[in-house]
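**Student:** coords please:
(2 chains)
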2 protein chains.
Amino acid sequence: MEESFKVTPWEVTGDIDYDLLAKKFGTTPLSKELTERLGDHPMLRRGIFYTHRDLNVYVNEHEKGNKVVLYTGRGPSGNTHLGHLMPWMFAKWLQDVLGIELYFQMTDDEKFLFKTDLSQEDTRRMAYENALDLVAVGFDPAKTKIILDSENIATLYPIALKVAKKVNFSTAKAVFGFDNTTNIGSIFFTTIQSAPAFLPSELEGKQVHCLIPCGIDQDPHFRVTRDVAPALGYPKPCLICCKMFPGLNGGDKMSSSDENSTIYTTDTPKQVKKKVGRAFTGGKVSVEEQRKEGGDPSVCAVFKYNYFLFESDDRKMNELAERCRNGEILCGECKVALTEKINVFLEGHQKRREEAKSIVQNMTFEGFKW
Amino acid sequence: MEESFKVTPWEVTGDIDYDLLAKKFGTTPLSKELTERLGDHPMLRRGIFYTHRDLNVYVNEHEKGNKVVLYTGRGPSGNTHLGHLMPWMFAKWLQDVLGIELYFQMTDDEKFLFKTDLSQEDTRRMAYENALDLVAVGFDPAKTKIILDSENIATLYPIALKVAKKVNFSTAKAVFGFDNTTNIGSIFFTTIQSAPAFLPSELEGKQVHCLIPCGIDQDPHFRVTRDVAPALGYPKPCLICCKMFPGLNGGDKMSSSDENSTIYTTDTPKQVKKKVGRAFTGGKVSVEEQRKEGGDPSVCAVFKYNYFLFESDDRKMNELAERCRNGEILCGECKVALTEKINVFLEGHQKRREEAKSIVQNMTFEGFKW
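**Tutor:** Okay, the predicted model is just below:
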């Protein structure tokens, strides 16, 4: 049967069946027993982070007192939006509860290779802008290193070569869906994304496990990374994967290419109001009908935004769903409330983003200059 | 019709029909008018360097007083042998007569990717050893920069990415004969070999033409480089290509994998004597027969060694051929004479190779430390 959705590191389309996707990718559902060893977080409780690879191995290592690190990243192809912040906020929480280092990779090379219209100057500039958002999330500057591929390539390349020697075109084709028209840089690129997973082991001269909190769409990269790890003498990276942050248009993934359904970290209160005002909801065509029949929070983008990011209180979420289904609250009210929450959040974020300009230089891996 | 030979950057087999090969690759025969604009050199007179791409364009640029450079290189997979020295000696002559800079690339990454048994430490060590031979050839230290891919990758990578974005797997497959089993590093590698051709233009901020003196087996790389150059705003690299240096076993290419038919730069006089003593010649089965019927210099490795490298006097070569065909000189005599010539050459080379150890550090691109 043809699936009605497609998820690769470079393309997410259709209505994603997340359980089927995890099964297809071969990841393991997150159990309550396992997540409780990390702590309590709404994104865990709500199954936003919902699947993993070897998280148990990683937690064991940490509990034994062995050095472990976090690794995640960003392909800088445009402005940061809420969909990017979500897993970063979770990663920051992980850094806090585990008290460990984070390596954050900015793949400016990747975005140059995969995006026809972007120059290397473009993706580098975007990497800087994205890094400001990263810093604004509040990572510990003393424990966070930002890798920029074009700047740190001398350190990444020897590791990438080891990976590259173990991966043939057949594998790359099967995992990423490449074909004869794919450029040879894109074919090679996954090795560069593998490198930071092995970097801590290289730097420490011993086996250091890393945990990668990321969108499930990035899993294919790390499947390859994990496959080659044993032959190279590195531990397999462990993963904890989340669902995609939804678009305001009701789509499964917030997309930079649809500006109207995407909230950027630099949006003004007016822009946010306008975008949320146009959001897809589970409301009815008329006030009367909605008062009578109620709305459907399960398809509502406004409800999802609260669920994913803006309302951490489960009781309040249940109450909101209840009131919606009963027709006690209308879409307009929900939109006003969400707009307010987003704007309060962005006001703080934008302030921290300004402050980040004086901090971001201290967080570069190997001290490269932005 | 199936050709009886195969020439790629990584494999040379069969009896090479050089004219057919040039035709197949699409290079242009070197005319006397054109080579005379460079000057007189036995390897030009004798058609050892025999085919080119846009050499006329390059010579025009140089004659107009525009900056031009030379670029060649070495894949460090083992000890240097006479087959490697030959084009380097020609490149040194070009550097002298044109008075220009040479960029010399050591592709330690390539050899790691293509040779199953070699580690990155191996290829780097070999690069250093090969570099000593390079310096011993006598390049002007003030005008020669040795690039080591693993050390200079930060500068090469951005250029390589530009190339990579323009080359798809279909092209790489057609040009290099790759298939699904080829590792993704090997597929990407050609972009790294392209980079130094564009590096001078990047460094100068203007169009700088380069001439690549190299074995005809390297032409496929630069066909790709030339194809993408205009779209990237760089001048196409110009090429002057030579035939392969023959093996002592009578084969068309001296091969590192057949140690007995290969003379290394570090061989002792005794080793040289032994190897030349076993060389394939055009002699007859008995002295009597050879005295009567004469030998065949056209198939004789000893004769070829004189022709390619050890006897620059055309008159003496003709005389030697004549005496061989007439049965006036026997293989043993020729072998003794060649052994003597090689050993005199190697004595000087090995002395310069020792001296190179104090010079080679000053010739690294961007001052990397060996």
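
**Student:** for the closest residue to chain B within the stretch 251-370 of chain A, which non-adjacent residue is spatially closest?
**Tutor:** At 9.8 Å from chain B, A:Phe368 is the closest residue in the stretch 251-370 of chain A, using C-beta to the nearest C-beta. Where you see a C-beta, it was placed from the backbone N, CA and C, and this is true even at glycine. Counting by C-beta to C-beta, 6 or more residues apart in numbering or on different chains, A:Glu151 is the residue found nearest to A:Phe368 once chain neighbours are left out, at 3.8 Å.

**Student:** ok so, going back, contact partners for the residue of the stretch 251-370 of chain A closest to chain B?
**Tutor:** Counting by C-beta atoms under 8 Å, 6 or more residues apart in numbering or on different chains, A:Phe368 touches A:148, A:151-152.

**Student:** between those, which is closest to chain B?
**Tutor:** Closest to chain B, out of all of the contacts of A:Phe368 and judged by C-beta to the nearest C-beta, is A:Glu151, at 7.7 Å.

**Student:** you'd agree that closest one is up against A:Thr364?
**Tutor:** Yes. Between A:Glu151 and A:Thr364 there is a contact at 7.4 Å, judged by C-beta atoms under 8 Å.

**Student:** give me the more crowded residue out of the two.
**Tutor:** A:Glu151 (22 against 18; other C-beta atoms under 10 Å in any protein chain shown).

**Student:** where in the stretch 151-300 of chain A is pLDDT low?
**Tutor:** Scanning the stretch 151-300 of chain A with the threshold set as pLDDT under 70 gives A:256.

**Student:** mind running it again at 80?
**Tutor:** A:251-258 (pLDDT under 80).

**Student:** excluding its backbone neighbours, what's nearest A:Tyr58?
**Tutor:** Spatially, and ignoring its direct neighbours in sequence, A:Tyr58 is nearest to A:Cys238 (3.9 Å; C-beta to C-beta, 6+ apart).

**Student:** right, and that neighbour touches A:His209 too?
**Tutor:** Yes. With contact defined as C-beta under 8 Å, A:Cys238 reaches A:His209; the gap is 6.3 Å.

**Student:** identify the contacts common to these two.
**Tutor:** A:57-58.

**Student:** secondary structure element for A:Ile147?
**Tutor:** If you go by DSSP states H and E, A:Ile147 is part of strand A:144-148.

**Student:** and that strand, how far out from the chain's middle?
**Tutor:** Remark: strand A:144-148 is offset 16 Å from the chain centroid, using C-alpha atoms, centre = their mean, to the nearest Å.

**Student:** now stretch A:281-297
**Tutor:** 33 Å.

**Student:** circling back to that earlier point, please report how far the residue nearest to A:Tyr58 lies from chain B.
**Tutor:** With the distance defined as C-beta to the nearest C-beta, to the nearest Å, A:Cys238 ends up 24 Å from chain B.

**Student:** distance of that residue relative to A:Asp179?
**Tutor:** A:Cys238 is 31 Å from A:Asp179, where distance means C-beta to C-beta, to the nearest Å.

**Student:** swap in A:Pro269?
**Tutor:** A:Pro269 sits 45 Å away from A:Asp179, going by C-beta to C-beta.

**Student:** looking at these two, which has the bigger crowd around it?
**Tutor:** A:Pro269 (14 against 10).

**Student:** and the more buried one, what does it touch?
**Tutor:** Contacts of A:Pro269 (C-beta under 8 Å, 6+ apart): A:339, A:343, A:346-347.
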